[in-house]
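Structure here, sequence nowhere to be found:
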Ligand SMILES: [Mg+2]
Ligand SMILES: [Mg+2]
């Protein structure tokens, strides 16, 4: 799994067009608009779905950054552009749902953008030292820290 | 090298704080504001600086997408978050300058954001099918295509 965490003053998105046959049905998460939010751009890599420790580590890292930056909520945003070793769509969807559920179980406000859609988005990244961080999380391996962080 | 290409309706950034000792001196590129632009988030990986073919392939891919989406300019934006195999800062800076110069040589309007700074940025991604693409470009290897593209 690869994640890019952006602490945003504002973030909004809207699903525009199906990108995959396996695209999720759209519900109330067709569009969203948020303030002071931690946006988690998340790429599910092959094998993440059979490694519960990957989801655990990701959620722990996400909540750690969420606490440090003082965001008021989290958006889990499917993102296929952080790795070339992509999981198949069904595995990716399952893992994305798990990450959002585990964040919610900790009592943190979380939204999940729909998988498999081309989306318009507007993000306003604060630009403070913790406002952009990345993590590569591999099964059975301690998380690799991002650059300058 | 890893690149993430975003076709943006608007894009603006401003350097806020040094992230690295090796941060570039700020000039008129301390901040920038653009419309209908192709933003190239670019991570220089180890070895890219000694492989001229990597820069050539990247510029060729960037100009190809630039033409297809009908952008009016290009912003080369240093981005350390697309890979865990980062080149040292001096190599990264050199490669970023080369990419921007080679784009400029083709007569295309190009700006380069400063290396080594925490930056605030606001991006408005169109959301059409070509508005987000990624490439992994390895020395001596044909570019790997992004997902759903
Ligand atoms: Mg950083
Ligand atoms: Mg795409």
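Cool, the structure landed. Everything numeric in this text was worked out from a predicted model, so none of it was measured. Ligands and ions are numbered 1, 2, ... in the order given.

so where's chain A shaky on pLDDT?
Scanning chain A for pLDDT under 70 picks out A:141-149.

Now do the same contact list for residue A:122.
By CB atoms under 8 Å, 6 or more residues apart in numbering or on different chains, the contact set of residue A:122 is A:10, A:11, A:12, A:13, B:122, B:123, B:124, B:125. All C-beta spots, glycine's among them, are computed from the backbone N, C-alpha and C.

er, residue A:132 I mean
Residue A:132 sits next to A:4, A:5, A:6, A:7, A:125, B:81, B:118 when contact means CB under 8 Å, 6+ apart.

rewinding a little: from the contacts of residue A:122, which land in strands?
A:10, A:11, A:12, A:13, B:122, B:123, B:124, B:125 (DSSP state E).

right, and the last one touches residue B:7 too?
Yes. At 7.0 Å, residue B:125 and residue B:7 qualify as touching, with contact defined as CB atoms under 8 Å.

what does chain A put close to chain B?
Contact residues, chain A versus chain B (CB under 8 Å from any CB of the partner chain): A:4, A:14, A:16-17, A:19-20, A:80-82, A:84, A:86, A:118-129, A:131-134, A:136, A:144, A:146-148.

Quick one: buried ones out of the residues you listed?
The neighbour count (16 or more other CB atoms under 10 Å in any protein chain shown) marks A:4, A:16, A:19, A:80-82, A:84, A:86, A:118-127, A:131-134, A:136, A:146-148 as buried among the residues of chain A next to chain B.

Which of those residues fall within strands?
In strands, judged by DSSP E, the following of these are found: A:4, A:16, A:118-125, A:132-134, A:136.

quick one on the thing from earlier: let me have the contacts of residue A:132 in JSON lines, extended by distance to residue A:29.
Compiled in JSON lines, the contacts of residue A:132 are given as follows (distance: CB to CB, whole Å):
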{"residue": "A:4", "distance to residue A:29": "20"}
{"residue": "A:5", "distance to residue A:29": "20"}
{"residue": "A:6", "distance to residue A:29": "19"}
{"residue": "A:7", "distance to residue A:29": "21"}
{"residue": "A:125", "distance to residue A:29": "22"}
{"residue": "B:81", "distance to residue A:29": "25"}
{"residue": "B:118", "distance to residue A:29": "31"}
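
For ligand 2, state which of those residues is nearest.
Each of these was checked against ligand 2 using CB to the ion; the closest is residue A:4, at 14.8 Å.

how about the closest one, what does it touch?
Residue A:4 makes contact with A:40, A:41, A:79, A:82, A:132, A:133, A:134, B:81, according to CB under 8 Å, 6+ apart.

so which of those residues comes closest to residue B:104?
residue B:81 (25.4 Å; CB to CB).

Brilliant, that's me finished.
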